[in-house]
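K.L.:
fold the following.
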Amino acid sequence: EVIRLTDDFMDRKIISIDLDALMKGDEKQNIVLAPKDEVRIYTTYREVEKITIKGEVVRPGEYEIYKGESLSELLRRVGGFTKEAYAYGAVFKRRDVKTTQNKNMQSFISKMQSQVLQSAAGGAATAVSAEEAQFAKSELQLNQGLLENLKAMQEQMEGRVAINITEDIGSWTGSKDDLLLRDGDAIMVPKRPQEVLVMGEVHSPGAQVFVPGLRVRDYINQTGGMTNYADNDQIFVVQANGFAFSSDSPSVGDIERVSLNAGDTIFVPQKIVRYAAMRFSKDLIDILFKTAVVLATIACCFEKL
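P.N.:
Purely as a prediction, here's the structure:
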């Protein structure tokens, strides 16, 4: 491989060379070298492992990783973060995690499909009036729609591993967030965002300008407040670093009083209203609806990055 800097010296590109063909006289492989080029010849006794790092680092690109190399070591090797980097929002993706996510999600969807069909059959068999039969049919359509949404969202899973790092690399070197790198890993370091996203049952969903010290309640109030359909007991926050919390999380307490960071997302879920006749699969609706909400929120947050 020939590692070559771009004309503006801000990025690198890799030119692959067929060494065997070169040594046999293939002039197509005998490229003219440029100043600052780096030529790498790999051993045939081990597979080359590579990662990709993009965004706000000094020298983004594709890199060979060494055995036992950590994230902090790689970041130092690429020159560290730029002045515009937002390490808190760094997205770390791993192929093995994506494979596991898809496998587990497929298992979950298959299980839910079976329960949906069983619930529909039970509802139809025990309905004592035309009204209850219609409710059972509507419930089946609702569950099937949520399942279809889950299948669509499954394709958006990208194997993100939540990490909590800062621009001060030395402050987290050797911690649990200083992951050992694997072949195929991908890191994206975004620019510092200027907003907090508010989604769900508020009067004007969208982005609000981030102001240090403002709390969840403040950002919700800036959207005009919650609608009559909001479930204010189930508000949760997905942070830019990939972690999430709600009022049920340890040490959180009143979630509306929690201060946020730039790039965080607040979600105000819709209150699920059930009728007396809809008694066949209450837990199933809860599981499907809340799972769909969480996945949709996370997918939206990832799109921002």
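
K.L.:
enumerate the positions of stretch 212-219 that are buried.
P.N.:
214, 216, 217, 218, 219 (16 or more other Cβ atoms under 10 Å). Bear in mind the C-beta positions are built from the backbone N, C-alpha and C, glycine included.

K.L.:
ok, now how distant is residue 79 from residue 72?
P.N.:
Taking Cβ to Cβ, to the nearest Å as the measure, residue 79 falls 13 Å from residue 72.

K.L.:
name the residues that touch stretch 77-86?
P.N.:
53, 55-61, 63, 75, 87, 167, 169, 189-193, 240, 262-263 (Cβ atoms under 8 Å, 6 or more residues apart in numbering).

K.L.:
and the residues you listed, which are buried?
P.N.:
53, 55-57, 60-61, 63, 75, 87, 167, 169, 189-190, 192-193, 240, 262-263.

K.L.:
out of those residues, list just those in strands.
P.N.:
Of the buried ones among the contacts of stretch 77-86, the ones assigned to strands by DSSP state E are 53, 55, 61, 63, 189.

K.L.:
tell me the contacts of the third one?
P.N.:
Under the criterion of Cβ under 8 Å, 6+ apart, the neighbours of residue 61 are 11, 12, 13, 14, 52, 53, 78.

K.L.:
check the last one and give its pLDDT.
P.N.:
In this case it means residue 78. Looking at residue 78, its pLDDT is 92.

K.L.:
cool, and the fifth one?
P.N.:
Reading off the confidence values, residue 52 has pLDDT 95.

K.L.:
beta-bridge partners for the nearest residue to it once chain neighbours are set aside, please?
P.N.:
Excluding the flanking residues, the one nearest residue 52 by Cβ to Cβ, 6 or more residues apart in numbering is residue 186, at 4.7 Å. As for beta bridges, residue 186 partners with residue 52, residue 93 under DSSP bridges.

K.L.:
and residue 186, how many residues sit next to it?
P.N.:
Per other Cβ atoms under 10 Å, the neighbour tally for residue 186 reads 17.
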